[in-house]
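no sequence on this one, just coordinates:
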């Protein structure tokens, strides 16, 4: 039970100690008789969302699928094993006897014992699989069996050894999938956060998206808490008088001024041409997940023209919406000049607005229209430019970054998810005035 | 669980007698909740019978049902208790004349205050307490079913306030002290997933997710609600609904809509689904204009297929 819960925890279901106790009580109540009932019981107690429930069910079926390859083992062996029962014979070692007699239960038990003795649950990385399988086989007495085969070759035994190897490997892999998840998942997450977003394979996208949402949620809770910051030192005269009215206005209790932290109004302007598209997608997803913290989110994307996608982004299923945006408007080479001009014309920008521009500033030698950005910067509270290129490259080739730079309050390189998180964190902090 | 061979099946059967067909996970959750005395947090799309479940439990156990509908800005005074200010004021007025003679012989303030003390406690006693659903549920002598509906619509502060109630089955009223439930009520919370609930709340609950049912299940539910419905029509209906749910719609039709539709069709004395009939009654199933127009092209093939599959007599997908 405990190792099942540990496995579930590794797979991403958050289970606290109290819940573990609760789960044990519940399991005792239901009893181990019906496996589906047990699964539902533990799911009820431990999982806290539909997603977690799905993960938990997966872990559960994996956990209680010992000898999963039983169905796929060589049929020839099975038949012959059963048929060979009468011949008895075979050899001295217990393993050989079990193989020859086709004693599946005995083999399974031996394998399980070997796994326990070798502490298979301690497996962490896939590179350990082979070694673990080997150790398990050694413990089961494979060496003796091989010696026996060398002495008197028996096709049944040779085939049995092949099968045994496969099963030990499968058992090791099962343990890896159950218990190695936590570590390898942690490692992968660490790598993903630091990998360049443009270079991430589509296979990792889904994982990255969930990671993005988790990070955004963290930021959202951090920034949603304190909306008012009490400033010590600056006295609120009116408030103090009103508070002390009961004592004839003699100020027993002082009131200090509090500053409201405004929820930022953000307008993002994303380059979705091929070079920057992936990063833009993640920025949009990030902002969508921030939800409540951002009061009002406007979103424009561009390659050649600025396109308002605010409405599209309001849909609940952000990933689909973003994918659609990228598919509809993406592809093509960017023209910052016309796009900026359109953005300056169409976007509602007032003195509370932070404009976030995400792009590499490479306008393919089209006129950069710095005046449009100047106009935007004058109307907005601030302009923040996130650039997926290394600062050393700004200004080389067709990059117009040095020309845009004077109108931006901040220029940040932003290539990885980590940097993106820091950039958005900074955006929200900037608003604490 | 020593008496009945299968207590979970007994729960399902008990609910079945009230007309609520519970799937095994639902019955299991109830069984656990009864024995662990934990509240159940029921999540799922609108109209799958979350609220109905608590009604069925109350009917099955023969207990009263107290329902608290959550909404934005719901606070303690509306959920838990309130002082009857009007009554307090009225009593003060009436007592005013009586107090004067009583205090008349007290020459200074201190003895007068002492004489009054007895009265002030009187005004903050249970007599002047207006119990709201939560308090009423705790004071129910035989226990009850407490339904906290759509908890996700209430504010986060209210959620925190519920924690004491859910964990200890007790509430604290400053003037009176802690009121503990004699018999812990069976608590159900429902949520439509408008917002993420806090982890503290989730941790205290059994988490039950009710999804849309399989056609087989749905047929049993509709049959329980509409005993007179022709079997063939019922099969067509659930198969058609299952097909409709596979479409890309904003709001999928849930059980309550299926029941409404089945009721409408029986009122119309329908025997077979026909595309025209489906088109005319579609507004019972789909509540969004966009959904109706999106489903239009698929209606005829779906109706035809449902009719054909129903007539083959295959068992419904479980």
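Perfect, thanks for sending it. Fair warning: this is a prediction, and the values are worked out from it, not measured in the lab. Numbers count the residues shown, from 1 in each chain, chains lettered A, B, ... in the order given.

hey, let's count contacts and neighbours off CA atoms from now on
Will do.

List the contacts of residue 45.
Defaulting to chain A. Contacts for residue A:45 (CA atoms under 8 Å, 6 or more residues apart in numbering or on different chains) come out as A:19, A:22, A:23, A:26, B:205, B:206, B:207.

oops, chain B please
So residue B:45 contacts B:192, B:210, B:211, B:212, B:254 (CA under 8 Å, 6+ apart).

will you turn the contacts of residue A:45 into JSON lines that also has secondary structure?
JSON lines is the format used below for these (DSSP: H, G, I helix; E, B strand; the rest coil):
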{"residue": "A:19", "secondary structure": "helix"}
{"residue": "A:22", "secondary structure": "helix"}
{"residue": "A:23", "secondary structure": "helix"}
{"residue": "A:26", "secondary structure": "helix"}
{"residue": "B:205", "secondary structure": "coil"}
{"residue": "B:206", "secondary structure": "strand"}
{"residue": "B:207", "secondary structure": "strand"}
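
got any ranges where chain A has weak pLDDT?
Along chain A, the model assigns pLDDT under 70 to residues A:12, A:65-93, A:181-185, A:197-205, A:221-233, A:258-264, A:291-295, A:316, A:331, A:429-433.

Can you pull the residues of it lying near chain B?
Proximity of chain A to chain B (CA under 8 Å from any CA of the partner chain) is limited to residues A:19, A:26, A:29-30, A:37, A:40-41, A:43-50.

same thing but at 10 Å, please
Contact residues, chain A versus chain B (CA under 10 Å from any CA of the partner chain): A:14-16, A:18-19, A:22, A:25-27, A:29-31, A:36-50, A:53.

by contact count, what packs against the helix or strand where residue B:93 lies?
Using DSSP states H and E, residue B:93 falls within helix B:85-104. Identification of packing neighbours for helix B:85-104 by 3 or more CA pairs under 10 Å, 6 or more residues apart in numbering or on different chains; DSSP states H and E yields helix B:109-123, strand B:129-131.

chain center to the shortest one, what's the gap?
Looking back up the chat, that one is strand B:129-131. On the basis of CA atoms, centre = their mean, to the nearest Å, strand B:129-131 sits 23 Å off its chain's mean C-alpha point.

So which other helices or strands are in contact with the next helix or strand along the chain from it?
As assigned by DSSP H and E, the chain's next helix or strand after strand B:129-131 is helix B:133-139. Other elements packing on helix B:133-139 under the criterion 3+ CA pairs under 10 Å, 6+ apart are strand B:65-69, helix B:76-79, strand B:81-83, strand B:129-131, strand B:145-149, helix B:156-168, strand B:170-173, strand B:177-180.

How about the contacts made by residue A:189?
Residues in contact with residue A:189, defined by CA atoms under 10 Å, 6 or more residues apart in numbering or on different chains, are A:183, A:195, A:207, A:208, A:211.

Output the residues you listed as TSV; include the columns neighbour count, distance to residue B:262 and secondary structure.
Shown next, in TSV, are these (neighbours: other CA atoms under 10 Å in any protein chain shown; distance: CA to CA, whole Å; DSSP: H, G, I helix; E, B strand; the rest coil):
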residue	neighbour count	distance to residue B:262	secondary structure
A:183	15	52	helix
A:195	15	55	coil
A:207	13	43	helix
A:208	19	45	helix
A:211	17	44	helix
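
OK, contacts around the residue nearest to residue A:124 when sequence neighbours are not counted?
In space, and not counting its chain neighbours, residue A:124 is closest to residue A:180: 4.0 Å by CA to CA, 6 or more residues apart in numbering or on different chains. Contact analysis of residue A:180 by CA under 10 Å, 6+ apart lists A:7, A:10, A:11, A:121, A:122, A:123, A:124, A:125, A:126, A:173, A:174, A:186.

how close does the fourth one sit to residue A:110?
Distance of residue A:121 to residue A:110, computed by CA to CA, to the nearest Å: 16 Å.

In the single longest helix found in chain A, which residues are buried?
Under DSSP state H, the helix in chain A containing the largest number of residues is helix A:155-179. Buried residues in helix A:155-179, counted by 16 or more other CA atoms under 10 Å in any protein chain shown: A:156-158, A:160-161, A:163-165, A:167-179.

Same check on stretch A:14-21?
In stretch A:14-21, counting by 16+ other CA under 10 Å, buried: A:14, A:15, A:19, A:20.

Among these, which lie within helices?
Mapping these onto helices (DSSP H) picks out A:19, A:20.

Considering the helices and strands packed on helix B:85-104, which stretch scores lowest in mean pLDDT?
Ranked by mean pLDDT, the helices and strands packed on helix B:85-104 bottom out at helix B:109-123, with a mean of 69.
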